[in-house]
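Asker: Generate a structure from the sequence data that follows.
(2 chains)
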Amino acid sequence: MLKGEIVIRKDALVIKTFIYIFLAAGAVTMVLPYVWMVVTSIKPLDEIQAFPPSFVVRHPTLEPYRDLFSLVPMVRYIFNSLFVAGSITLFNVFATSLAGYAFAKHKFWGRDKIFFIFIASLMIPWQVNIIPGFIIVKNLGWLNTYTGLIVPAMAWCAFGIFLNRQFIYSIPDDLIDAARMDGCSEFRIYCLVILPLIKPVLATLAIFTFLQQWNNFVWPLVVIHTSSMRTLTLGLAVLTGQFGANYAMVMAGAVVATLPMLIVYLMFQKYIIKGINLTGL
Amino acid sequence: MEQETFRQKFRRQKVSYLFISVPFFLFFIFQLVPLFVSFFLSFTQYDVIHPPKFIGLENYRKIFFEDPLFWLAIKNTAVYTAGVVPTGICISLLLAVAIDQKIRFKNFFKSIFFLPTVTAMIAVSVIWKWCYAGEKYGLFNFLLMKAGFSPVDWLASPTWTLPSIMIMSVWAGIGYNMILFLAGLQTIPHTMYEAAEIDGAGFWRQFFHITLPLLRPTIIFVTMMSLIFSFQVFEQIYIMTGEMGEMGGVLNSALTIVAYLYDQGFQKFHMGYASALAYIIAFCVFIITMLYKGVMKDTKVEY
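Answerer: As a prediction, the model looks like this:
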């Protein structure tokens, strides 16, 4: 082998050591705030105030979590986030793949122009839409409702349409024509031919959308006014303002808001990284 | 296939329009219409309760000539962007190159650096606020003092508020950029490095003469994305400096442009004024995108 013949030079070893030190130091920096969050969330009050601050908890307690769930409708927040992010994701996956199919494989008047408008909209920053969006939602009487949280967020579908179109475009026409010959309706073709073939793309899109919506903050902040309608991120923000002094409880809230996504991430890492690289296309 | 009759064609087209109808309808109502509504609103005075009053270019005139807070917000945003983007790109590029070497625990490191990307910015800010808190007794100051530095007032001082948020944003953003760089690195043919190795080029020579030039498209893309993200920084500011409806920290030392827009639009309900600010932001984003397109046009990688 070629590699065995090359004499490993001294500086290669130095570089390698340096790389490991660099990565290890980086990893510690990344993990430190998370560890501090978890540690704080199980500390009793006297240990939080103790100096020097310590990563060792002598008497771990679940009191902060009990406070959190009794003083704040945490379960409701979790449900709200799940429901809102879930519905948007479901809609996004099916509506954009259906539209993507039409854009990729159908010929109709105005197709390329409409598609171009969708793509061009990706350049528009959300700041431009948020004020009229608020006014429209207010006039529809959707302020402080699930509809107000969900429906406007469904409109951010340009990326999904783009992604689906790209992938469906590469499906051979013969497959679709054959199904058409067999008398399949266009919707049946979408269900039986297209959907099974683009499953990996849809998985990526679904996880990505869910993650984005779960972490979304600005829109709920603008639309929601009562405690029971808050999503988890908004709830956490308000919690920080109201109970800012009770650090243990605030950190417990941060754990509840962070943990589910970390688990989702560790389970579906492959799809998430793929999703990021797709945005980079 | 045979030529379709007009009726068949129409039926086929009807289905196509049906397929795109729902997303297009929503897109139309909540994306296209707002685009024009806010353009119109930017020439009006509007407080949500009374009907909008047309005042021409007054909002823009005020913003540019009579609003010191706007210029402060622009300055803060510029400082933030100028700090976060280059630092974040350098660190994430080095990380990506380090992880791309033949090392162990590749995936472990990748996962760790990526963690903040899947954490809500709100949660990140809440956690960091606590790490910064507590004057001499807080975690970061304790670590600083252990390392022999004197403690810093972080979010309580006008000098340090913005840098504190910048440090956090770099931390939160490097994972995302690293993934993009890693993908870019995979496009560089391995034979290049093998050839360089045989010629006796060391690690740094390879980095500067192979990796950097061939990664140029990715670097430019990541720079553009980071510029746009940074320019729109908001959630960090909201959590770390927002207290009792006020935003921007001590002496507005961390008031950024989007935070200012939110304050004008949704706290003071100057919706017309805020719309004008929104269009100024959109214009800046547009310029960045156009610059990117211009730069990309004469960037061709040659192997």
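
Asker: Quick one, grab the pLDDT at residue B:2.
Answerer: Residue-level confidence at residue B:2 comes out at 52, pLDDT.

Asker: ok, now residue A:185?
Answerer: Note on residue A:185: pLDDT of 89.

Asker: The one 10 residues further on too?
Answerer: Per-residue confidence (pLDDT) for residue A:195: 94.

Asker: Could you say which helix or strand holds it?
Answerer: If you go by DSSP states H and E, residue A:195 is part of helix A:195-197.

Asker: Next: residue B:94.
Answerer: Using DSSP H and E, residue B:94 falls within helix B:68-100.

Asker: buried residues in that helix?
Answerer: Buried residues in helix B:68-100, counted by 16 or more other CB atoms under 10 Å in any protein chain shown: B:70, B:72-74, B:76-77, B:80-81, B:83-85, B:87-89, B:91-100. (Each C-beta comes from the backbone N, C-alpha and C, glycine too.)

Asker: Remind me which helix or strand the residue nearest the centre of chain A belongs to.
Answerer: In chain A, the residue lying closest to the centroid (CA atoms, centre = their mean) is residue A:211, at 1.4 Å. Using DSSP H and E, residue A:211 sits within helix A:199-214.

Asker: Can you tell me what sits against the helix or strand where residue A:240 lies?
Answerer: Element membership for residue A:240 (DSSP H and E) is helix A:232-242. The contact list for helix A:232-242 (CB atoms under 8 Å, 6 or more residues apart in numbering or on different chains) reads A:68, A:72-74, A:77-78, A:80-81, A:214-217, A:220-221, A:224, A:227, A:230, A:249-250, A:253-254, A:256-257, B:120, B:122-123, B:126, B:129, B:238-239, B:242-244.

Asker: contacting residues around residue A:278?
Answerer: Counting by CB under 8 Å, 6+ apart, residue A:278 makes contact with A:163, A:204.

Asker: Quick one: work out the angle between the one helix or strand it maps to and helix A:199-214.
Answerer: Using DSSP H and E, residue A:278 sits in helix A:247-279. Orientation of helix A:247-279 against helix A:199-214 (axes from the mean of the first three to the mean of the last three CA atoms, to 10 degrees) gives an angle of 140 degrees.

Asker: Could you pull out the buried residues of helix A:247-279?
Answerer: Burial within helix A:247-279, assessed by neighbour count using 16+ other CB under 10 Å, is assigned to A:247-258, A:261, A:264-265, A:268-269, A:271-278.

Asker: rewinding a little: for the following helix or strand past the helix holding residue A:211, which outside residues touch it?
Answerer: Sequence order places helix A:218-223 as the next helix or strand after helix A:199-214, per DSSP H and E. Outside helix A:218-223, the residues that touch it by CB under 8 Å, 6+ apart are A:84, A:126, A:130, A:133-134, A:137, A:142-144, A:148-149, A:152-153, A:230-231, A:233-234, A:237, B:234-235, B:238, B:262, B:266.

Asker: repeat that for 6 Å
Answerer: By CB atoms under 6 Å, 6 or more residues apart in numbering or on different chains, the list of residues contacting helix A:218-223 from outside reads A:134, A:148, A:149, A:231, A:234.

Asker: Test my guess that the third one contacts residue A:84.
Answerer: Yes - proximity of residue A:149 to residue A:84 meets the contact threshold set by CB atoms under 6 Å, at 5.0 Å.

Asker: Give the residue spans of the chain that score low on pLDDT.
Answerer: Using chain A here. Low-confidence segments of chain A, defined by pLDDT under 70: A:1-10, A:279-281.

Asker: other chain: chain B
Answerer: Those would be B:1-4, B:12, B:243-245, B:298-303, if you go by pLDDT under 70 across chain B.
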